[in-house]
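K.L.:
3D model of this:
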Amino acid sequence: MKQRHRIRRRVWILAIGLLQALWLPGCGSEASSDTEPATVVTLVTENFNGSIEQNGSRVHTFTVTNAGYSLLAGLTSLSPSSITALGLGIGSWDSSTSTCSLNVSQNNTARSGSTGLSATPGSGDYCLRVYDGGNIPAGVTASYTVQIQHY
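P.N.:
Coordinates of the predicted model:
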């Protein structure tokens with residue numbers, strides 16, 4: 001009787017071992033063949049030129065297509081040299097009313113050659129307002145180039 005019990009036990013152990021050998025390879029970490037390709041997010045660089053006078057402003061519109069990534073804006077040129085800074089602001093663009101609300105980021109003293117603004121906006125239509133932050137004297141026109149980088 002004891003020997004029969006041992007034989008049955010060995011058969012069960014062998015059967016369980018065989019099932020594990022057949023089943024476990026299917027549980028490995030092989031890559032699935034139906035995986036989706038990675039999404040490529042591209043950096044967009046836009047340059048805007050313009051000029052403003054004392055107490056003036058100018059609006060430039062752009063669209064952010066990928067939410068959650070950094071947005072940087074800065075003056076790349078500013079003249080005449082007597083003007084050291086302009087105001088920069090980023091906000092939501094309402095195309096139905098042509099309104100730029102500065103609700104994302106604002107800097108009254110953005111200088112040429114440095115990042116004037118940074119933000120992490122959602123996707124959508126935005127505007128960049130360049131304005132006199134109190135640095136343009138009467139009778140002087142400031143010319144600028146501003147660059148925006150976003151995704």
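K.L.:
Surely Phe62 and Glu46 touch.
P.N.:
Yes. Assessed by CB atoms under 8 Å, Phe62 is found in contact with Glu46 at 5.6 Å. Yep, even glycine has a C-beta here, placed from its N, CA and C like the rest.
K.L.:
shared neighbours of these two, anything?
P.N.:
Both Phe62 and Glu46 are contacted by Ile148, His150, under the criterion CB atoms under 8 Å, 6 or more residues apart in numbering.
K.L.:
Go through stretch 51-60 and flag the buried ones.
P.N.:
Within stretch 51-60, the residues scored as buried using 16 or more other CB atoms under 10 Å are Ile52, Ser57, Arg58, Val59, His60.
K.L.:
Against Thr97, how distant is the last one?
P.N.:
His60 sits 17 Å away from Thr97, taking CB to CB, to the nearest Å as the criterion.
K.L.:
on that earlier part again, so which of the buried residues of stretch 51-60 is the closest to Thr141?
P.N.:
Distance to Thr141, by CB to CB, is smallest for Ile52 among the buried residues of stretch 51-60, at 7.2 Å.
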